[in-house]
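> what would the 3D arrangement of this be:
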Amino acid sequence: VQLQASGGGLVQPGGSLRLSCVVSRSMYAMGWFRQAPGKEREFVAAISRYADVTHYADSVKGRFTVSRVDAKNTVYLQMNNLKEEDTAVYYCATGFQATTLAQGTVDYWGKGTLVTVSS
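Purely as a prediction, here's the structure:
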């Protein structure tokens, strides 16, 4: 299984970005993690197989939205009102359930895409 993330870049505080991750075949739960410089990788958002369950880290609730389009084997992360502390490499991941994915049980990782929030 291959996961290819894209959409990262440089954005000013308060701005928006949308990350995309194309998966080589249909998977169950999908989601996003991030790793900031000097910090451990952390959970960001997850979405279940039929998009009926979503989970978010407290730090991104109300600002980020995870979604998926199964016809395209793609998961998205819409990031609004970005803050400097959102600067990180973002990784997409797949798992069996959104809940266990949110707890860090990952089946497959993609390569990351860098998001830099700076004025």
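> just to confirm, which helix or strand has the residue positioned nearest the centre of the chain in it?
Residue closest to the average C-alpha location in the chain (CA atoms, centre = their mean): W32, at 2.5 Å. Under the criterion of DSSP states H and E, W32 resides in strand 29-35.
> other SSEs contacting that strand?
With contacts taken as 3 or more CB pairs under 8 Å, 6 or more residues apart in numbering; DSSP states H and E, strand 29-35 sits against strand 17-23, strand 42-47, strand 64-69, strand 74-79, strand 88-95, helix 98-102. C-beta: built from backbone N, CA, C; applies to glycine.
> please repeat the previous calculation with a cut-off of 6 Å.
Strand 29-35 sits against strand 42-47, strand 88-95, helix 98-102, with contacts defined as 3 or more CB pairs under 6 Å, 6 or more residues apart in numbering; DSSP states H and E.
> if we can go back for a sec, please name the nearest non-neighbouring residue to the residue nearest to the centre of the chain.
Of all residues not flanking W32 in the chain, V44 sits nearest, at 4.3 Å (CB to CB, 6 or more residues apart in numbering).
> next one: the one you found, what pLDDT does it get?
V44 is assigned 98 on the pLDDT scale.
> tally of neighbours for S16?
Close neighbours of S16, defined as other CB atoms under 10 Å, add up to 11.
> cool, T116 as well?
For T116, using other CB under 10 Å, the count is 15.
> pull the contacting residues for G38.
Residues near G38 by CB atoms under 6 Å, 6 or more residues apart in numbering: none.
> report how many residues lie close to Q78.
15.
> for P37, helix, strand, or coil?
For P37, the assignment made with DSSP: H, G, I helix; E, B strand; the rest coil gives coil.
> ok, it to T116 distance?
Distance, P37 to T116, using CB to CB, to the nearest Å: 10 Å.
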